[in-house]
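Novice: sequence unknown, structure follows:
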């Protein structure tokens, strides 16, 4: 049985204005991951996500690639204990 984890991710490169947030939401929903994604003022995208370890591993790999329209040049990942804070995965504006 997979344990649950939480991840805080920041992604840099060409990741705003290219559908990255919608991509992240679609993949998270498909994998049963909860949390949020949002643009940061400095041009990066922030993701806070929670889910089963196996699903989170797949999600993280997809986020590293991004949608075809994005170019990910930096990826920072910090994991921590699961908090059960979210009911679904949302885009924050």
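Specialist: Thanks, I have the structure now. This structure is a prediction, so every number in the text was calculated from the model and none was measured. Numbers count the residues shown, from 1 in each chain.

Novice: how close does the nearest residue in space to residue 24 that is not next to it in sequence sit to residue 14?
Specialist: Nearest residue to residue 24 in three dimensions, chain neighbours excluded: residue 37, at 4.4 Å (CB to CB, 6 or more residues apart in numbering). For every residue, glycine as well, the C-beta is placed using N, CA and C. Applying CB to CB, to the nearest Å, the value for residue 37 to residue 14 is 16 Å.

Novice: Between these two, which is the more surrounded one?
Specialist: Between residue 37 and residue 14, residue 37 has the larger neighbour count (other CB atoms under 10 Å), namely 23 against 14.

Novice: Look up which residues are beta-bridged to the more buried one.
Specialist: residue 47, residue 91 (DSSP bridges).

Novice: Settle this for me: it is touching residue 46, isn't it.
Specialist: Yes: shown here, residue 37 and residue 46 form a contact pair, counting by CB atoms under 8 Å, at 7.1 Å.

Novice: related to what we said a few turns ago, tell me the predicted confidence for the residue nearest to residue 24.
Specialist: The per-residue pLDDT reported for residue 37 equals 99.

Novice: got a list of what it touches?
Specialist: Going by CB atoms under 8 Å, 6 or more residues apart in numbering, residue 37 touches 20, 21, 24, 25, 28, 45, 46, 47, 89, 90, 91, 92.

Novice: could you redo the last one with a cut-off of 10 Å?
Specialist: Counting by CB atoms under 10 Å, 6 or more residues apart in numbering, residue 37 touches 9, 11, 20-25, 28, 45-49, 63, 89-92.

Novice: Please name the residues that touch residue 3.
Specialist: Residue 3 touches 52, 53, 54, 56, 81, 82, counting by CB under 10 Å, 6+ apart.

Novice: Select from the residues you listed every entry located in strands.
Specialist: 52, 81 (DSSP state E).

Novice: Can you show me the helices along the chain?
Specialist: 20-31, 53-65 (DSSP state H).

Novice: Model confidence score at the spatially most central residue of the chain, please.
Specialist: The chain has residue 47 as the residue nearest its centroid, 4.1 Å off, counting by CA atoms, centre = their mean. Note for residue 47: predicted pLDDT of 99.
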